[in-house]
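Here's a sequence, model it:
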Amino acid sequence: MLPAKTPTEASGFKALLKNRSFLLLWIGQIFSQVADKVLLVMSIALLTTYNIPVKYAASSGSYLMVSSTIPAILFGVAAGIFVDRYPKKQVMVVSNVLRGLLILLLPVLPKEFAILLIVNFMISVVMQVFTPAELSAIPLVVKPENLLTANALFTTTSITSLIFGFGIGEPILTAVTNISKNGSREILVAALYFIAAGSVQLVGMHEQIDTSKQARRANPWNELKVGSEYLASNKLLLSAMLQLAVLFSTIAALLGLSIKLTSEVGLKPEQFGTLVAPLGIGLVLGAGILGHLGGRLQQKSLPLIGFIGMGVTLIAFTFVHDLWLGICCAGILGLGASLIAVPMQTLIQEKTPEKMRGKVFGFQNNAVNIAVAVPLVIVAPLADRFGLPPVLWGMSGIVTVAGIIAWDSTRHILDDAL
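Numbers count the residues shown, from 1 in each chain. Modelled structure (predicted):
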């Protein structure tokens, strides 16, 4: 069952603030998410100090992004299988520690472009187990009536870190470099991961793990088959994942178009954060409202409202040439995104058996990673060729139609589930 639909204090933020294990898990997520974004900024900055072959120099940043993205696509599902076999807390701790150690290797390794790509690839591989482990851990430390609120906080942290993390990365790295130039950036990012690991290690978590030899010897391919068959037979979970994939794809596309949007409202390209920040603020506001009032809302209709609202706002963007109207539109988009992300993530957690959570969240992580990667590659070239308005209209159509179809196809199930 999803959180009880009664306006009790236990379903709000106060209950979570009294939950020590949840707070420690949340703090671990914050530091880990910030470290992920600062790591990417640092890796791009390090390109100027590495020996890069001439034929790769012009696209070195793209190669770096690809080295971090490929593991998410290749190993996202396998990571979920791994998570189901081992304690979630230890998986998260080891993932953070290994990432920190790999980063600390950079100052002592040869300054070759291939080395940087390999280390980034390895860090991304280790990273893949963290998200499904974290999502699987939330229901283990939070009571059912507080799960919607918990997901409101975690979803907000996840998406706003994507928006704000890149903005704070460069100033922080510049500050530590001014203090010391000998590996200070690497030490800073590694420290963020170590702090995340320490916070998660203190989490009190009780989970059921099958430690029998038979379970450990189970064929991973068979487990993959079991996970895929389970999802294929569960229309509710598939719909929720589809809605999350469409949502993150839309946000990624907007980030890819943000520089072009700034010129429409009279800003310079480097001021794109002025439009991006309200999106995060809208998400925070929406998640806060859901976290406080979620038990009193008709949750089954929230995603539909969110999708339609985002679709209408995307069209409105094509007519906006005023800065304040642009800021308002971005905030409304963030508010609509929260109405989709929080209820659907909560639904997946509630309706997935504990022994299947790792596999399910592995599939979800894989789907979201692909959904984020594709728009980042194609939206800017499409806008260059066809113009910004047609691309925004197309995005609006996709968001609205996908949302309506996903909601309508599971409406009868949601009546009982939410």
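
Tell me the confidence at Ala197?
Listed pLDDT for Ala197 reads 95.

My guess is it contacts Leu101. True?
No - if you go by Cβ atoms under 8 Å, Ala197 and Leu101 don't touch, sitting 10.5 Å apart. C-beta: built from backbone N, CA, C; applies to glycine.

who has more neighbours, these two?
A count of neighbours by other Cβ atoms under 10 Å puts Ala197 above the other of Ala197 and Leu101, at 21 against 14.

Just name whatever secondary elements the helix or strand harbouring that one is in contact with.
Using DSSP states H and E, Ala197 maps to helix 184-201. Counting contacts by 3 or more Cβ pairs under 8 Å, 6 or more residues apart in numbering; DSSP states H and E, helix 184-201 packs against helix 20-46, helix 88-105, helix 147-179.

If you count neighbours, what's buried in the helix or strand harbouring Ile332?
Using DSSP H and E, Ile332 sits within helix 323-351. Within helix 323-351, the residues scored as buried using 16 or more other Cβ atoms under 10 Å are 323, 326-351.

same deal with stretch 304-316?
Buried positions in stretch 304-316, judged by neighbour count with 16+ other Cβ under 10 Å: 304-316.

now swap in stretch 65-77 and tell me
Buried, per 16+ other Cβ under 10 Å, within stretch 65-77: 65, 67-69, 71-72, 75-77.

who touches it?
Stretch 65-77 has contacts (Cβ atoms under 8 Å, 6 or more residues apart in numbering) with 40, 43, 117-118, 120-121, 123-125, 127-128, 224, 227, 359, 362-363, 365-366, 369-370, 373.

How much space separates the closest residue to Ile52 other than its chain neighbours from Gln33?
Spatially, and ignoring its direct neighbours in sequence, Ile52 is nearest to Phe113 (4.4 Å; Cβ to Cβ, 6 or more residues apart in numbering). Computed as Cβ to Cβ, to the nearest Å, the Phe113 to Gln33 distance reads 27 Å.

Which of these two has more residues huddled nearby?
Ranked by neighbour count (other Cβ under 10 Å), Phe113 and Gln33 place Gln33 first, with 24 against 18.

Might one say that that one is in contact with Thr155?
No - counting by Cβ under 8 Å, Gln33 does not reach Thr155; the two are 11.5 Å apart.

Centroid-nearest residue for the chain?
Ser158 (4.7 Å; Cα atoms, centre = their mean).

Just the pLDDT at that residue, thanks.
75.

count of neighbours near Ile187?
15.

Please apply the same query to the one 4 residues further on.
As a burial measure, the neighbour count of Ala191 was computed by other Cβ under 10 Å and equals 15.

Contacts only, for it.
So Ala191 contacts Gly100 (Cβ under 8 Å, 6+ apart).

State the distance from it to Val125.
21 Å.

What is the helix or strand where Asn120 lies packed up against?
Element membership for Asn120 (DSSP H and E) is helix 113-127. If contacts are counted by 3+ Cβ pairs under 8 Å, 6+ apart, helix 113-127 sits against helix 20-46, helix 60-85, helix 88-105.

and of those helices, who's closest to Phe386?
helix 60-85 (22.4 Å; Cβ to Cβ).

what's the angle from that closest one to helix 20-46?
Calculated by axes from the mean of the first three to the mean of the last three Cα atoms, to 10 degrees, helix 60-85 forms an angle of 150 degrees with helix 20-46.

Contacts only, for Gly266.
321, 323.

Please, which helix or strand holds it?
Using DSSP H and E, Gly266 falls outside every helix and strand.

Against Ile315, how distant is Gly309?
Distance from Gly309 to Ile315, by Cβ to Cβ: 11 Å.

Let's test this: name the helix or strand in the chain with the lowest mean pLDDT.
Across the helices and strands of the chain, mean pLDDT, DSSP states H and E gives its lowest value to helix 213-216, namely a mean of 50.

do you know how far Ser43 is from Phe113?
11 Å.

now do Leu25
Leu25 sits 37 Å away from Phe113, going by Cβ to Cβ.

Likewise for Ala45?
14 Å.

And for Arg85?
If you go by Cβ to Cβ, the gap between Arg85 and Phe113 works out to 36 Å.

Repeat that for Cys329.
From Cys329 to Phe113 the distance is 41 Å (Cβ to Cβ).

now swap in Ala373 and tell me
In terms of Cβ to Cβ, Ala373 sits 22 Å off from Phe113.

Repeat that for Gly198.
Here Gly198 is placed at a distance of 33 Å from Phe113 (Cβ to Cβ).

Kindly report the same for Ser301.
The value you get for Ser301 to Phe113, if Cβ to Cβ is used, is 51 Å.

And for Ser68?
Taking Cβ to Cβ, one finds Ser68 at 14 Å from Phe113.

Could you do Asn182 as well?
As judged by Cβ to Cβ, Asn182 and Phe113 stand 21 Å apart.

Then Tyr56?
Taking Cβ to Cβ, one finds Tyr56 at 6 Å from Phe113.

Now the common contact residues for those two.
What both Tyr56 and Phe113 touch, as defined by Cβ under 8 Å, 6+ apart, is the set Tyr63.

rewinding a little: let's have the buried residues of stretch 304-316 in JSON lines, adding secondary structure.
Below are those laid out as JSON lines (DSSP: H, G, I helix; E, B strand; the rest coil):
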{"residue": "Leu304", "secondary structure": "helix"}
{"residue": "Ile305", "secondary structure": "helix"}
{"residue": "Gly306", "secondary structure": "helix"}
{"residue": "Phe307", "secondary structure": "helix"}
{"residue": "Ile308", "secondary structure": "helix"}
{"residue": "Gly309", "secondary structure": "helix"}
{"residue": "Met310", "secondary structure": "helix"}
{"residue": "Gly311", "secondary structure": "helix"}
{"residue": "Val312", "secondary structure": "helix"}
{"residue": "Thr313", "secondary structure": "helix"}
{"residue": "Leu314", "secondary structure": "helix"}
{"residue": "Ile315", "secondary structure": "helix"}
{"residue": "Ala316", "secondary structure": "helix"}
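
wait, which of these is closest to Val94?
Of the buried residues of stretch 304-316, the one sitting nearest to Val94 (Cβ to Cβ) turns out to be Gly306, at 35.8 Å.

check contacts around that closest one.
Contacts for Gly306 (Cβ under 8 Å, 6+ apart) come out as 247, 336-340, 403.

Great, nothing more from me.
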